[in-house]
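*Asks:* This is the structure alone, sequence omitted:
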């Protein structure tokens, strides 16, 4: 009942805000039409019929793996994901973004598909649909913009698997004014209560919630700091109203001297998650973290290292750890070649005897994008 | 849990801060537009640029601090022609400021009405590198385009702030008068070098070259956005030697290594050419930009003669 009321309140709030926005008498008009430049040789007829089609892009993600790993047994070669992006402005009030994730065979899913209301008052940004949940920073990112070819153990072990936490529901993000140009944003999200590997919702009234607060500060023209705190809760289905509560903090530091900005930069990032899972026999508290650093040494070359460790949510005594080094080459903005040398040490039931199972692997990733020029990841 | 609706209500009702009646807040992608907006707007506007004049305007990070600036803006001035496609669209979407969305009164595409060069006349593909299908976006390097931009900004400011119309028109007239005088000065300085062949790093200078009748015969980049390759560098060295190209113009944000090597091999002179206001602290406004570039060109070209 409580949950039903909360959802009702959330939806009501969303409706009110939307209605308020729509009631504003002047939608962005075409009062000052700027002459739209068109490619000189554009065949006029076919262009106009395509005019309102969404921007289309496809990102291919090919992964080849060498070495032995009996726990995470990735295929030797795999077109792991073909991500189809369809994006357009819907009307004067909103835009829509779809990201369809296609596997090799009989495997298609809507990774994200949401409407964003961009013209709301009170510094609000409301999204409705299916979206990557704003829990930490890495979980919000698509596979192809990660600085590694794989998800860190923090996401795999604590957010339900490689896919991470994806939710279907409503998200409201508000800018909270702070002095100067400090960016501060509070995001509140309410989702259907199931998410693969993480939450199970036997009843309609079982919902999942997430809150995220982010502060971003420019320390200088060349450096900035991005900090976030997240709290999520949802039903885990082990008994009537058993919940899993998630807490997380994330930090990202960037250095990029603007004059040589396309040649040199450093990004240091880390996240720490904690999961408290209520289950028969008591609450299991598991933690996980990663730290990662990437250094750009030339216009098209990057090196990186990552350390990670994460307990298992249902049995915190089991812990996996890992270290990795990456080398990345960008032939152009639209393709990327990456090698990762990874050692993961697994604990628990996967291991025949006491101790850990160690896997040494090399992951070779090739990514390529066609179609619309998307925004550069930041 | 019971507190969530209350919290939501709190969150929804804060932040309806009344905007002050102070200066018109103008955010621009480039410092060049901010400089012109300041000249036209005077005390009535408060102009701030997102990109720095010394950074590559194609690769500006979509920093959240820019969202804060855009959320408060009354007017956004962008170069258009997809120069800002890597960072501006997501910033506008997250600005929560419908006034500055493209198509709204608070959005100005500065390219409107300007002389835009290199519009593709054939089908473009990315085999050509990072091409701009709407034409070369570095058009403000022609001072006559600066005049068009100033007029667009004056008209836009008068739309948004009718009370300041007379002031904007007066400032525009002063700007245009100074520009006309300066153009005569720059034209006179550059006239002896009409027809001079130059190699540039990136294809940033077609408008400048057209205005001052320079002949751009090649680029250090093999294709837009693709860094120099050994084979292309050799081609450029041969080209410079064969055609006796006296000057290599390099934007301040590119690695000097390859152009310096080419200069060393060929005897051509390397000139740092600033595409934007703020490229160095001495370039404080749009007039300084041409003063600096024209003087640097003349200094480097003197004695090398016309080709």
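*Replies:* Looks like it arrived, so ask away. Keep in mind that this is a model prediction, so the values were computed, not measured. Numbering: from 1, shown residues only, chains lettered A, B, ... in the order given.

*Asks:* do the longest helix along chain B and chain A meet?
*Replies:* For chain B, the longest helix by residue count, based on DSSP state H, is helix B:165-190. No: using Cβ under 8 Å from any Cβ of the partner chain, helix B:165-190 stays clear of chain A, coming no nearer than 15.6 Å. To be clear about C-beta, it is placed using only N, CA and C from the backbone, and glycine gets the same treatment.

*Asks:* And that helix, how far out from the chain middle?
*Replies:* What separates the centre of helix B:165-190 from the centre of its chain is 19 Å, taken as Cα atoms, centre = their mean, to the nearest Å.

*Asks:* before we move on, what about stretch B:209-225?
*Replies:* Counting by Cα atoms, centre = their mean, stretch B:209-225 comes out at 16 Å from the chain centroid.

*Asks:* Quote the end-to-end distance of stretch A:248-265.
*Replies:* Terminal residues of stretch A:248-265 are spaced 26 Å apart (Cα to Cα, to the nearest Å).

*Asks:* got it, and stretch B:247-254?
*Replies:* One end of stretch B:247-254 to the other measures 16 Å (Cα to Cα).

*Asks:* neighbouring contacts of it?
*Replies:* Outside stretch B:247-254, the residues that touch it by Cβ atoms under 8 Å, 6 or more residues apart in numbering or on different chains are A:258-262, B:54-56, B:196, B:198-202, B:204-205, B:220, B:240, B:256, B:259, B:262-263, B:268-275, B:279-280, B:297, B:300-301, B:304.

*Asks:* switch to 6 Å and redo it
*Replies:* Stretch B:247-254 is touched from outside by A:259, B:54-56, B:198-201, B:204, B:259, B:263, B:268-273, B:275, B:279, B:300, with contacts defined as Cβ atoms under 6 Å, 6 or more residues apart in numbering or on different chains.

*Asks:* cool, and stretch B:277-287?
*Replies:* With Cβ under 6 Å, 6+ apart as the test, stretch B:277-287 has contacts from B:31-32, B:35-36, B:52-54, B:146, B:182, B:252, B:274, B:289, B:292.

*Asks:* For it, which residues meet the burial criterion?
*Replies:* B:277, B:278, B:279, B:283, B:285, B:286, B:287 (16 or more other Cβ atoms under 10 Å in any protein chain shown).

*Asks:* so how far is residue B:283 from the first one?
*Replies:* Which is residue B:277. To residue B:283, residue B:277 is 6 Å away according to Cβ to Cβ, to the nearest Å.

*Asks:* wait, what's in contact with the residue in the stretch 201-307 of chain B positioned nearest to chain A?
*Replies:* Residue of the stretch 201-307 of chain B nearest chain A, by Cβ to the nearest Cβ: residue B:227 (4.8 Å). Taking Cβ under 6 Å, 6+ apart, we find residue B:227 in contact with residue A:299.

*Asks:* where's it relative to residue A:164, distance?
*Replies:* Distance, residue B:227 to residue A:164, by Cβ to Cβ: 34 Å.

*Asks:* now swap in residue B:272 and tell me
*Replies:* Residue B:272 sits at a distance of 46 Å from residue A:164 (criterion: Cβ to Cβ).

*Asks:* quick one: which of these two has more around it?
*Replies:* The residue with more neighbours, out of residue B:272 and residue A:164, is residue A:164; 26 against 17, by other Cβ atoms under 10 Å in any protein chain shown.

*Asks:* I figured the more buried one hits residue A:156, correct?
*Replies:* No: Residue A:164 is beyond contact range of residue A:156, at 8.4 Å (criterion: Cβ atoms under 6 Å).

*Asks:* so where's chain A uncertain?
*Replies:* Judged by pLDDT under 70, chain A has its weakly predicted residues at A:1-49, A:349-354.

*Asks:* Residue B:184: neighbour count?
*Replies:* Neighbour tally, residue B:184, other Cβ under 10 Å: 10.

*Asks:* Actually, residue B:223.
*Replies:* 17.

*Asks:* got the contact list for it?
*Replies:* By Cβ under 6 Å, 6+ apart, residue B:223 lies in contact with residue B:129.

*Asks:* is it true that residue A:174 lies in a helix?
*Replies:* No: with DSSP: H, G, I helix; E, B strand; the rest coil as the criterion, residue A:174 is assigned strand and is not in a helix.

*Asks:* Run a quick neighbour tally on it.
*Replies:* 21.

*Asks:* Equivalent analysis for residue B:43, please.
*Replies:* With other Cβ under 10 Å as criterion, residue B:43 counts 9.

*Asks:* Quick check: chain neighbours aside, which residue is closest to it?
*Replies:* Of all residues not flanking residue B:43 in the chain, residue B:23 sits nearest, at 6.9 Å (Cβ to Cβ, 6 or more residues apart in numbering or on different chains).
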